[in-house]
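Engineer: Next comes the sequence, and after it the predicted model I'd like to discuss.
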Amino acid sequence: MPHPFTRRHPRPGTAPGTLGAPETRRVEETSIAVLRYAGETIEERRVDRAAELAAYAPRAGEALDGGVTWIDVVGVHDVELIGEIGRLFGIHALALEDVVHTGHRPKVEDYEGLLFCILRHFHVDGAKLSPEQISLFVLPGVVITFQEIVGDAFEPVRERIRRGSGRLRSRGSDYLAYALIDALVDRFFPLLELLGERIETLEEELIDEPTPDSLDTIYELRRDLLMLRRAAWPKREMILALQRGESPLVGEEARLFLRDAYDHAVEVMEVIETYRELAASMLDVYLSSVSHRMNEVMKVLTIIATIFIPLTFIAGVYGMNFAGMPELSWPWGYPASLTLMAVVAAALVYYFRRKEWF
């Protein structure tokens, strides 16, 4: 898995728009799925070669009853295939370069005849988040998505199209693009629920028994929240740009629904910011808990040392062995000195207990 904060750049000096295979291949083979719907009809198929997509290009799609075609490409390492798709659908080379070199912040760009959006998605890999860039193109009657790995957040949208429920089957490509964007925004909420559970568990651990592993968990949590924030903040701005933009590819109805997606994105940001504040305070809680435990240990050691100070003094006095010390020749001198030490120690312990020092 690539580092979550690393953007994969082309080599320095490479001409703009040059497609270079990414260093990390996240799928073995690139797959292409085509889902086309027009009213009550729906077609779903797998495509092996980019040439088979020529029939769905906008210039040829006018004869397809005004339906919507969704082309989903999984895998961005096959630059020849991606370049051929770009030529078929008239996608600008700079946009294709952003598809291949992943790690970009979410954004929207308006090219002539198409809209290009970059979004971020996260998979849960055990206790870690695995980031993924999803690229989305909106053309007249066509939506093209590029994903890095198998297993996406778009399956609920596919099921809605298959069942014919809702507005999807009767709306255009702009509404499909909204549905895909909204699905990715909504995928943040289950992730935030998992992080919320981690925060609750960590808070209990910090209060009851903090360990050095707790500090590692805090830093991992803060890193995950920072990663989510870096994806959610520009995604919110991207949705706002789509909503307020003037592109003819986004209709008034789609803009209305994008307003709802923007509200969800704002809610996601608010939850992330709240969790970040909690995570930041957890470090203070950890340090305070460790300091408190250290103070408790030092207090016990100080009390023990205080009890032994007069005992050491008594033992030192009777260890001088001067000839004139009467207790040296007394038969009960040794038991008397031990008794004196025990009485002094017991008196100090009683005093400390009365003061509630331990």
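Structural biologist: On my side now, so go ahead.

Engineer: Buried residues, stretch 160-168. List them.
Structural biologist: Of the residues in stretch 160-168, those buried under the neighbour-count criterion (16 or more other CB atoms under 10 Å) are Arg160, Ile161, Leu168. (Glycine included, C-beta is placed from N, CA and C.)

Engineer: I figured the first one hits Ser170, correct?
Structural biologist: No - no contact is recorded between Arg160 and Ser170 when judged using CB atoms under 8 Å, the distance being 12.0 Å.

Engineer: if we can go back for a sec, make JSON lines from the buried residues of stretch 160-168 and add secondary structure, distance to Thr201 and pLDDT to it.
Structural biologist: Putting the buried residues of stretch 160-168 into JSON lines (DSSP: H, G, I helix; E, B strand; the rest coil; distance: CB to CB, whole Å; pLDDT from 0 to 100) gives the following:
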{"residue": "Arg160", "secondary structure": "helix", "distance to Thr201": "35", "pLDDT": "89"}
{"residue": "Ile161", "secondary structure": "helix", "distance to Thr201": "39", "pLDDT": "90"}
{"residue": "Leu168", "secondary structure": "helix", "distance to Thr201": "39", "pLDDT": "83"}
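
Engineer: Return the member of those residues nearest to His264.
Structural biologist: Minimum distance to His264 across the buried residues of stretch 160-168 is 17.1 Å, recorded for Arg160 (CB to CB).

Engineer: so how far is Val185 from that closest one?
Structural biologist: From Arg160 across to Val185, the span is 16 Å (CB to CB, to the nearest Å).

Engineer: Now the phi/psi pair for Gly67, please.
Structural biologist: Note on Gly67: backbone dihedrals following degrees, to the nearest 10 are phi -80, psi -170.

Engineer: How many residues are close by it?
Structural biologist: The number of residues packed around Gly67, counting by other CB atoms under 10 Å, is 19.

Engineer: ok, now the one 10 residues further on?
Structural biologist: By other CB under 10 Å, 18 other residues sit near His77.

Engineer: so it sits right up against Val99, yeah?
Structural biologist: No - with contact defined as CB under 8 Å, His77 and Val99 do not form a contacting pair (11.1 Å).

Engineer: Count the residues that sit near Phe308.
Structural biologist: 14.

Engineer: Next: the one 3 residues further on.
Structural biologist: Residues within reach of Leu311, counting by other CB under 10 Å, total 17.

Engineer: got it, and Leu215?
Structural biologist: The tally of other residues near Leu215 (other CB under 10 Å) stands at 16.

Engineer: Once you drop chain neighbours, what's closest to it?
Structural biologist: Leaving aside its sequence neighbours, Leu215 sits nearest to Tyr286 (CB to CB, 6 or more residues apart in numbering; 6.0 Å).

Engineer: all strands for the stretch 101-250 of the chain, in order.
Structural biologist: Counting by DSSP state E, counting those that start in this stretch, residue ranges of the strands within the stretch 101-250 of the chain are 107-111, 114-125, 128-139, 142-147.

Engineer: closest to Asn295 out of those strands?
Structural biologist: Using CB to CB as the measure, strand 128-139 is the one of the strands of the stretch 101-250 of the chain that comes nearest Asn295, at 35.2 Å.

Engineer: ok, the closest one: who's next to it in the sheet?
Structural biologist: Taking DSSP bridges as the criterion, strand 128-139 forms sheet pairs with strand 114-125 (antiparallel), strand 142-147 (antiparallel).

Engineer: CSV for the ones you listed, including distance to Leu338, mean pLDDT and mean neighbour count?
Structural biologist: Output for the strands paired with strand 128-139, formatted as CSV (distance: least, CB to CB, whole Å; pLDDT from 0 to 100; neighbours: other CB atoms under 10 Å):
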stretch, distance to Leu338, mean pLDDT, mean neighbour count
strand 114-125, 66, 89, 20
strand 142-147, 81, 93, 23
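
Engineer: before we move on, the earlier item: in terms of helices and strands, where is the residue nearest to Leu215?
Structural biologist: Mapping Tyr286 onto the secondary structure by DSSP states H and E places it in helix 252-317.
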